[in-house]
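*Asks:* sequence first, predicted model second:
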Amino acid sequence: MTLILLSIIILVVLLFILHKPIVVFFTNDDNTLYIGSECLGRYADKYIIKLLKIVYPNKKIVFSDNNKAKLIIKSHFCIKEPIWNKNEKIPYVYFNGESFNMIDSFTNKNSITISDIIVEKPSDNYYYVPLFVLSMNPSKYQERIQNTDINTNRKLLGYCNSNCVAIREQLVSLIAEYDTTNSVYALGKCKGTSNKIKVQRISTDAENYNFYKDYNFVIAMENADVNGYVTEKIMNVFLAGSIPIYWGTKYVKEIFNEKAFIYVNDFPSLELCAKYIIELNNDKTKIANMLREPIFKDDIIPEYCFMDEKNPSQFNLNIANKLKALIESNS
C-alpha cells in the first residue's frame, strides 16, 4: 500500500511540474459483492451467482477467498480446496451435489443448504434442488422439444462413466451380450466385462450430449439410490435426443415423464431389463413414440429449473431473498 501511495504522489508531482491535469480512478467496493469458496463450492458458482443476481442485479459478483467475502459456498471436496475461513460471522451456502449431506450443514445456523437429496422434516433453510438443474441448458432443451426429425436408425447404446459401479457394468455387459448388431459403445473409462463392447473414448471437455445423439439409448444410472438424488446424467441424455436408461431414486418419476425413459428399478432382474431394451430397439415405432414424449412429468417444468434472474420462479426468488438476508444481517 505504501508503494502505491508513493507512486501516486510522484505521478501528481510530475504532472504538476508539466502543467498537465490528472484523473485518478479508485475501485468502488460498494458495487462489488465478494463471495468465497471452500471444498470446491465454486463448482456451483454459476447457479449461486444467478440466484444472487436476482436480488443484487447491479452488483459485480467476484470470488475472493479472504475476509472480503460476504458469503461462502461450501461443498464436499475439502481435499481439493481447503477450509480457510476463521470468521464465524460470514454466512455459508452448503451446496450438496453428492448422495449425502455435509454434517456441519445441520449445525451452522448462519447458513442455508441447497441439496440434491430429500430429507425428512427439513428446516426452513433447507432447499431441495436436484443436481441436474446445473446442466439444464435452456437452448438445448428448446431444441430437443421442438425437434420433429426423430432418428431411430442409430447405434444401440452409449455408456460414458468413470466410476465403474457394479450394477452399471453388469447391465451394459448383458445388453452387449444380447445385442446382435454389435453397437454397444463404451465412451468413458468404464467398459463393462463383455468383449462385444466397443471402446470409443470421447473428450472429457466436451458436453456429453454432443456425443449421445448418435445412440438410441444411453446409460444414465446413478451410483446410489437415495431419495431425490437425480444428477445431470439423465438430463444430458434427454438433451441429446436419446432415451435414458435410469437406475436410482424412485423420486425421478415425480420429476420426469416415466414414458420417456427406462427405469431399471421396475424390472425384477437386470437380465429382463436388458432383454426389454433389445426388444425395444428392434421396434422403431415404439422408440419414436418414446422420443416424442414430453421430458417432464405432465409436461410441467419444475420451478427450480427457472434460472432467469430477470424473471425468476417464486422458489428461486425465495432462496435469493434468504441469501440476501443472510448477507445483510452479517454486514
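*Replies:* Happy to help now that I have it. Numbering: from 1, shown residues only.
*Asks:* could I get the full set of helices for the protein?
*Replies:* For the chain, helices defined by DSSP state H occupy the ranges 2-17, 45-55, 138-146, 166-178, 209-212, 232-240, 252-255, 270-281, 284-292, 314-329.
*Asks:* name the helices or strands packed onto the second one?
*Replies:* Contacting helix 45-55 under the criterion 3 or more Cβ pairs under 8 Å, 6 or more residues apart in numbering; DSSP states H and E are the following elements: strand 32-38, strand 60-63, strand 71-74, strand 92-96, helix 314-329. All C-beta spots, glycine's among them, are computed from the backbone N, C-alpha and C.
*Asks:* rewinding a little: most tightly packed of the helices of the chain?
*Replies:* Most buried of the helices of the chain, by mean neighbour count (mean count of other Cβ atoms under 10 Å): helix 232-240, with a mean of 24.
*Asks:* quick one on the thing from earlier: of the helices and strands packed on helix 45-55, which is nearest Val133?
*Replies:* helix 314-329 (9.9 Å; Cβ to Cβ).
*Asks:* okay, angle between the closest one and strand 32-38 too, please.
*Replies:* 100 degrees (axes from the mean of the first three to the mean of the last three Cα atoms, to 10 degrees).
*Asks:* spatially central residue in this protein, please.
*Replies:* Centroid-nearest residue in the chain, with Cα atoms, centre = their mean: Leu134, separated by 2.9 Å.
*Asks:* Leu187 - how many residues pack around it?
*Replies:* Other residues near Leu187 come to 23 when the count uses other Cβ atoms under 10 Å.
*Asks:* cool, and Glu88?
*Replies:* 9.
*Asks:* could I get the contacting residues of it?
*Replies:* Asn110 (Cβ atoms under 8 Å, 6 or more residues apart in numbering).
*Asks:* ok, now how distant is it from Leu326?
*Replies:* Going from Glu88 to Leu326 by Cβ to Cβ, to the nearest Å gives 13 Å.
*Asks:* any residues in contact with both of the two?
*Replies:* Common neighbours of Glu88 and Leu326 (Cβ under 8 Å, 6+ apart) are Asn110.
*Asks:* would you check that Ile265 makes contact with Val252?
*Replies:* Just so we're on the same page, residue 265 is Asn rather than Ile. No: between Asn265 and Val252 there is no contact under Cβ atoms under 8 Å: 9.1 Å.
*Asks:* go ahead and confirm Ile117 touches Tyr128.
*Replies:* Yes: at 7.5 Å, Ile117 counts as touching Tyr128 under the criterion of Cβ under 8 Å.
*Asks:* gap between Lys259 and Met221?
*Replies:* 19 Å.
*Asks:* go on, Ser313?
*Replies:* According to Cβ to Cβ, Ser313 and Met221 sit 29 Å apart.
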